[in-house]
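A.B. asks: pasting the sequence and the predicted model now:
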Amino acid sequence: MKNIDLSLAEEACALVTGARQRTYDHPAHNFARIAALWEVVLGQPVTPKQVGLCMVMVKLAREVHAPQRDNIVDAIGYLLTTEASQ
């Protein structure tokens, strides 16, 4: 069995609390904006938490097609920010 690579989580945490947060705003605010836009397209309410979970699925779909570290780091980051968006 392969060991868990904690550097993935460390990298994700550093990104979402540093550069990405400075670029895109706090996850609660960013996911709320995204939710409002998705509501227009989907025609139903969308929560910020649902945005985060859907973004995790985007990263997993990409990982299935073309595995790379970035997909996993971003998926972890979205999971972390999903909790911060509540």
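C.D. replies: Thanks, I have it. These figures come from a predicted structure and were not determined experimentally.
A.B. asks: and the lowest-mean-pLDDT helix or strand in the chain, which residues are buried?
C.D. replies: Least confident helix or strand of the chain, by mean pLDDT, DSSP states H and E, is helix 19-24 with a mean of 87. Residues of helix 19-24 classed as buried by neighbour count (16 or more other Cβ atoms under 10 Å): 20-21. In this view, the C-beta of every residue, glycine as well, is placed from N, C-alpha and C.
A.B. asks: ok, and what's touching the very next helix or strand once past it?
C.D. replies: Reading on from helix 19-24 to the C-terminus, the next helix or strand found by DSSP states H and E is helix 27-42. Contacts of helix 27-42 with the rest of the structure, by Cβ atoms under 8 Å, 6 or more residues apart in numbering, involve 16, 21, 24, 45-52, 81-82, 84-86.
A.B. asks: one more time with 6 Å, if that's ok
C.D. replies: With contacts defined as Cβ atoms under 6 Å, 6 or more residues apart in numbering, helix 27-42 is touched by 24, 46, 48, 51-52, 81, 84-85.
A.B. asks: return the set of buried residues in it.
C.D. replies: 27, 30-32, 34-35, 38.
A.B. asks: which of those residues sit farthest apart?
C.D. replies: The most widely separated members of those are Pro27 and Trp38, with 15.3 Å between them, by Cβ to Cβ.
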